[in-house]
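[1] The following comprises the amino acid sequence and a computationally predicted model.
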Amino acid sequence: MLPPELPPLPALTRAEGELIDRYLEAADLLGRINPARPGDTYSGLRAAQALVRKAAELRDALALMHRRGETELHGDTLARALRVLDGERRTARLVLPPDCVG
């Protein structure tokens, strides 16, 4: 049995695609650093070091969009792209986990 088919990715410019990719990569790293989540300091340190590079790549994607005259972020379209690319799951690690009552 085949997995369910994902909805199509909305039409994006190349720069918008780069923005979405770099944003999700940075979100993945921030999720690994989240101090409210269990983990080890070495893993968080490695993620923080990689985040510096990803932040620069994210900046460069936005700068490219601006240079090309893409001065607006089309939130609805970009949100659809994020959902198709599993953005809800990938960014869920950035928030505080629910309180554990024990």
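    That came in fine, so what should we check first? Numbers count the residues shown, from 1 in each chain.
[2] switch to C-alpha atoms for all contacts and neighbour counts from now on
    Fine.
[3] what about residue 41, neighbour count?
    By other C-alpha atoms under 10 Å, 12 other residues sit near residue 41.
[4] same thing with residue 68?
    Count around residue 68 with other C-alpha under 10 Å applied: 10.
[5] quick one, phi psi at it?
    With angles defined as degrees, to the nearest 10, residue 68 sits at phi -80, psi 0.
[6] Tell me which stretches of the chain form helices.
    Along the chain, the segments classed as helices by DSSP state H run 14-33, 41-67, 75-84, 87-92.
[7] Would you mind finding the most buried of the ones you listed?
    Ranked by mean neighbour count, the helices of the chain are led by helix 14-33 with a mean of 20 (mean count of other C-alpha atoms under 10 Å).
[8] Mind listing residues that contact that one?
    39, 43-45, 47-48, 50-51, 54-55, 57-58, 61-62, 64-65, 78, 81-82, 87, 90-94 (C-alpha atoms under 8 Å, 6 or more residues apart in numbering).
[9] In this structure, which residue is most central in space?
    In the chain, the centroid-proximal residue (C-alpha atoms, centre = their mean) is residue 24; its distance is 1.7 Å.
[10] In terms of pLDDT, where does that one sit?
    With respect to pLDDT, residue 24 scores 97.
[11] Residue ranges in this protein under the pLDDT threshold?
    Applying pLDDT under 70 to the chain flags residues 2, 100-102.
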